[in-house]
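> I'll drop the sequence and a predicted model, then ask my questions.
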Amino acid sequence: MILPKANRLTPEQLAEVTRVVTEFDCRIQPIIGAVRTIYAIVGDERDELMINRLEGLPYIERIDRIQSPFKLMDRRSDLASHRITIGGVTLGEDLLVIAGQCTIDPKNPGFFHETAEAVKEAGAHVLRGGVWKPRTNPYTFQGDTKSLDVLMEAHRHTGLPVDVEVMDEHHVGLALDAGAHVLQVGARNALNYSLLRAIGRAVAERDTVVLLKRGLHMGPLNEFISAAEYIVSFGNPNVILCPRGTAPALDGYRNHPDESITPLLKEKTWAPVVVDPSHSVGRSVFVPACALAAVAYGADGLCIETHVEPAKGIGDDPKQAITPAVLAETIAQARQVWALRHHAGVS
Ligand code: PEP
Ligand code: MN
């Protein structure tokens, strides 16, 4: 990883650096952080001669060679100073709340508009709404592209940035063209490397945020962080990790709640962590407790399924959506836990 002395390389300097690494069969990938741009050397960067030649260039501060399976996402990476801001919240500085329906019902878009207004009123910063749904049963509702219009209309009414799950490259294109602000990678696609690459490429030149869920199986930390590295290696460092419970389910919960994974992730990566308590526990009555535990464990934010009338929702909403009133209460309590955590010096 190349750290220039200035905030970024000039085009001439970039061309010179590129010429050097190309001789060694590597290429340069700029990663544009909020403050400075760093330049990843993609390829086998261990050649001492290449490193020496780069270090000899007068505008290079140093070459960082951290040994890590995820050199960009590693907490020792120079990207660690990068901050992601969405919905007016800079992650790490304030608690981010993403809320909204699991699934937008294209036959009843009115519910989504009511939910959107209500979650905004309750204090959410980002509106979520499922357009395309990964369903276990192939005969159940699979989502509807028409719901993307409903989602974007709700964005225009509320001013909230919107989060939508994308399951394939076609969805990525549609969501970005529509103006979605957060692309969600669901648990079922968490290790779909061709999708991760396609997203990385598609958002490389944008400020889109990617909410990357943890895979369904109880995968190791490195696997989760490496999945984020796939996206970031194309140039956009705005990736948020989202634990959402793993399989096998804990008897009584939809999944095995994994909100306690956060401090372990933070030992390894600088990436912000936004926990999804809804899929973790799968029952609305347990969602607030899981949300508070997640914040106590160090989460930077929460992603909570919320519906004005859960019983009339579709997808996961009848089982696990909380109401906007419960959301408001949960946010207030989560803020108290956040304050206690910071008071105790645990960031
Ligand atoms: C969802 O957010 O509605 C969803 C399907 O989540 P997950 O991918 O975590 O199951
Ligand atoms: Mn859901």
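Good, I have the coordinates. Residues are numbered from 1 along each chain as shown. Ligands and ions are numbered 1, 2, ... in the order given.
> When you work out contacts or count neighbours from here on, use the C-alpha atoms and nothing else.
Will do.
> Helices along the stretch 151-300 of the chain, start to end?
Taking DSSP state H, counting those that start in this stretch to define them, one finds helices in the stretch 151-300 of the chain at 169-178, 193-203, 221-232, 262-268, 277-281, 287-296.
> among those helices, which is the most enclosed?
Using mean count of other CA atoms under 10 Å, the stretch among the helices of the stretch 151-300 of the chain with the greatest mean number of neighbours is helix 277-281 (a mean of 29).
> how far is that one from where the chain is centred?
16 Å (CA atoms, centre = their mean, to the nearest Å).
> List the contacts of it.
Applying CA atoms under 8 Å, 6 or more residues apart in numbering, the set of residues contacting helix 277-281 from outside is 244-246, 253-259, 284, 287-288, 290-291, 294, 302-305, 320-321.
> Okay, now the unreliable bits of the stretch 101-250 of the chain?
Applying pLDDT under 70 to the stretch 101-250 of the chain picks out no residues at all.
> how far away is L72 from R341?
Going from L72 to R341 by CA to CA, to the nearest Å gives 28 Å.
> what's near enough to touch D44?
By CA under 8 Å, 6+ apart, the neighbours of D44 are 25-26.
> Would it be right to say that it lies in a strand?
No: D44 sits outside any strand when classified using DSSP: H, G, I helix; E, B strand; the rest coil, being coil.
> and it, what pLDDT?
pLDDT, D44: 81.
> what about it, distance to I28?
In terms of CA to CA, D44 sits 12 Å off from I28.
> between those two, what contacts are shared?
In contact with both D44 and I28: no residue, using CA under 8 Å, 6+ apart.
> pretty sure L327 contacts E305?
No: applying CA atoms under 8 Å, one finds L327 not in contact with E305, separated by 9.2 Å.
> Which of these two has more residues huddled nearby?
Set side by side, L327 and E305 show more neighbours around E305, with 29 against 25, by other CA atoms under 10 Å.
> beta partners of the more buried one?
Note on E305: beta-bridge partners G100, judged by DSSP bridges.
> With N7 as the reference, measure out to it.
From E305 over to N7 the distance is 40 Å, taken as CA to CA.
> Sticking with K319, tell me its helix or strand.
Using DSSP states H and E, K319 maps to helix 317-320.
> Residues of the stretch 201-347 of the chain that sit close to ligand 2?
Contacts of the stretch 201-347 of the chain with ligand 2, taken as CA under 5 Å from the ion, map to D316.
> The residue of the stretch 51-200 of the chain at minimum distance from ligand 2: what's it in contact with?
Scanning the stretch 51-200 of the chain for the residue nearest ligand 2 gives C102, at 4.2 Å (criterion: CA to the ion). Shown in contact with C102 (CA under 8 Å, 6+ apart): 128-130, 305-306, 314-317, 321.
> who wins for most neighbours among those residues?
Counting by other CA under 10 Å, top hit in those: T306 with 33 neighbours.
> per-residue confidence at that residue?
98.
> Now do the contacts for the closest residue to F112 other than its chain neighbours.
In this structure, F112 finds its nearest non-sequential neighbour in I104, 6.2 Å apart by CA to CA, 6 or more residues apart in numbering. By CA under 8 Å, 6+ apart, the residues touching I104 are 112, 129-131, 143, 147, 150-151, 314.
> quick one: which of these sit in strands?
G129 (DSSP state E).
> Wait, L221 touches P263, no?
No: judged on CA under 8 Å, L221 makes no contact with P263 at a distance of 11.0 Å.
> Tell me, how many residues neighbour A249?
16.
> got the phi/psi numbers for it?
A249 adopts backbone torsions of phi -60, psi 150, taken as degrees, to the nearest 10.
> Surely it and N255 touch.
Yes: A249 is within contact range of N255, at 3.9 Å (criterion: CA under 8 Å).
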